[in-house]
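Enquirer: for reference, the sequence and a predicted model appear below.
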Amino acid sequence: MYRHDAAHTGCSNTTVPTALPKQLWNCTLEPEPVSFPNSPTVTDSFVFVKSADHLSCFDAFTGAKLWSFPVVSYTNSAPAIVDGQVYVGSVDGIIYSLDVSNGLQVSTFVTDDLFDLSPTVVDGFVYVESSRGDVYCFDAKSCFKLWNFSTGAADTSSSPAVTGGYVYVSNDDGNVFCLNASNGAVIWSVVVDGALGSPTFSDGSVYFGSSDGNVYCLNASDGAKVWNYTTEYNNNGPSHNYHWGNKVSDTAVAYGKIYVGSSDFLIYCLDASLGNQIWNYTTEAEVYSAPSVAGGCVLVGSYDGNLYCLNATSGSEIWRYPVGVFSPVNAAGSAGSPALAGGTIYVVGNGVIYALAASSHASSFQINVNTTVVVAVLVIASATVYVALTKRKAGSP
């Protein structure tokens, strides 16, 4: 599921490589994903990822492509996998339910809306926000609609966080809503500045990043603002910004801390209760990838071409893996969100999915850092790192 769980914590109880990883396999996504984030989903021994017009399933151990299903998409949001079924949205107004093992269509939820964002599945129900700001809840098996709610915005780039009988959603107009998961009734709503990312719920608080350069924390019971932290989002480097919305990434929460990337080239660690900065780490370009946290480590991709592994407590660098160089003309794969599952890290973007591992049995390889672009999506499962990128000549689009 997007950001590992229905609460979007971005945290997994697993381990990660403590030394520079090596390649296991790579596989090209066809057709190449569009210039929006790629977020894979991992379950059992399968990896699921969207390209420009297909959802594909790969063997997580060999990289063999097992099946694909046509799905029209402008973004490459993460599908949700529950009880042997894959749920994925399409811009033709359909949420598809597919059989995990063979990709055959099981059922559909059909509207006249646009579904380009990640669904969330909890207790037999699917919750999804359309790209037009409408929130839907339907039965996961029958696809019967229970309710829908309009956030009032023309655009959104958020996936619902669902926990404790409540649904937390946001939109690009700065609105945050808490809805009753059973009937869609509004419990509370607040307005902040900027276009908002996907909410994260943890310990009675709701966290999210905004295009105004802030990270916000709200009280989950009434929506009252607890704190906000302003990043140095005016950008320390080149005067360009390719992200379609947030200047602050979606958040991860673990160990009483919030981890978040920003277009100011920094990765931040904040106190989850107070909002004060504990540490920051400077990369050499924008950080649009939402961090993945596992085993006391923070993993995040930067536009500078590196995949970073940082100590979650101190922010010190454990290792960095050169997966490309900054491209001033291509945003594909540079802003995504991790998903975590079972001990391995997966990364997808820029047209190729790579598997990297700390295992001594992994085959070694080299990457020409002058021809590729950084990847921004991580997923974690079995001490393996999967990186996605596409090879490009320097200066090419």
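Expert: Looks like it arrived, so ask away. Residues are numbered from 1 along each chain as shown.
Enquirer: which residues touch I81?
Expert: I81 is in contact with 1, 41, 43, 48, 87, 100, counting by Cβ atoms under 8 Å, 6 or more residues apart in numbering. Glycine gets a C-beta too; all of them are placed from N, C-alpha and C.
Enquirer: now, of the residues you listed, which are buried?
Expert: Burial by neighbour count, judged by 16 or more other Cβ atoms under 10 Å, picks out 1, 41, 43, 48, 87, 100 from the contacts of I81.
Enquirer: picking up where we left off before, just the ones of the contacts of I81 in strands?
Expert: 41, 43, 48, 87 (DSSP state E).
Enquirer: you'd agree the second one is up against S101?
Expert: No. The criterion here is Cβ atoms under 8 Å, and T43 misses it with S101 at 11.2 Å.
Enquirer: strands of the stretch 151-300 of the chain, residue ranges please.
Expert: Ranges of strands in the stretch 151-300 of the chain, per DSSP state E, counting those that start in this stretch, are 161-163, 166-170, 175-180, 186-191, 200-202, 205-209, 214-219, 225-230, 252-254, 257-261, 266-271, 277-282, 292-294, 297-301.
Enquirer: figure out which of these is closest to D83.
Expert: strand 161-163 (16.1 Å; Cβ to Cβ).
Enquirer: and the closest one, what does it pack onto?
Expert: strand 120-122, strand 166-170, strand 200-202 (3 or more Cβ pairs under 8 Å, 6 or more residues apart in numbering; DSSP states H and E).
Enquirer: average model confidence for that strand?
Expert: Throughout strand 161-163, pLDDT has a mean value of 95.
Enquirer: in its sheet, which strands sit next to it, and in what direction?
Expert: strand 166-170 (antiparallel) (DSSP bridges).
Enquirer: which residues of the chain score low on pLDDT?
Expert: Low-confidence segments of the chain (pLDDT under 70): 31-37, 74-76, 233-246, 323-343, 349-350, 359-397.
Enquirer: phi and psi next, for the closest residue in space to I318 that isn't next to it in sequence.
Expert: Closest residue to I318 apart from its sequence neighbours, by Cβ to Cβ, 6 or more residues apart in numbering: C309 at 4.4 Å. Here is the backbone geometry of C309 (degrees, to the nearest 10): phi -120, psi 120.
Enquirer: for the stretch 1-150 of the chain, which segments count as strands?
Expert: 11-12, 22-28, 41-43, 46-50, 54-59, 65-70, 80-82, 85-89, 94-99, 105-110, 120-122, 125-129, 134-139, 145-150.
Enquirer: the fifth one vs strand 85-89, what angle?
Expert: Here strand 54-59 points in a direction 150 degrees away from that of strand 85-89 (axes from the mean of the first three to the mean of the last three Cα atoms, to 10 degrees).
Enquirer: residues in contact with strand 54-59?
Expert: With Cβ under 8 Å, 6+ apart as the criterion, strand 54-59 contacts 27, 29-31, 45-50, 64-71, 79, 86, 88, 98, 100, 103, 353.
Enquirer: which residues does the closest residue to V298 other than its chain neighbours bridge with?
Expert: Leaving aside its chain neighbours, V298 sits nearest to L310 (4.5 Å; criterion: Cβ to Cβ, 6+ apart). Beta-bridge pairing for L310 (DSSP bridges): V298, E317.
Enquirer: neighbours around L310, how many?
Expert: By other Cβ atoms under 10 Å, the residues close to L310 number 24.
Enquirer: do S142 as well
Expert: So S142, with other Cβ under 10 Å, has 11 neighbours.
Enquirer: for the spatially closest residue to L104 that is not a sequence neighbour, what are its contacts?
Expert: Computed as Cβ to Cβ, 6+ apart, the closest residue to L104 that is not its neighbour in sequence is L98, at 6.6 Å. Counting by Cβ under 8 Å, 6+ apart, L98 makes contact with 55, 69, 85-88, 104-106.
Enquirer: go on, D271?
Expert: 256-258, 277-278.
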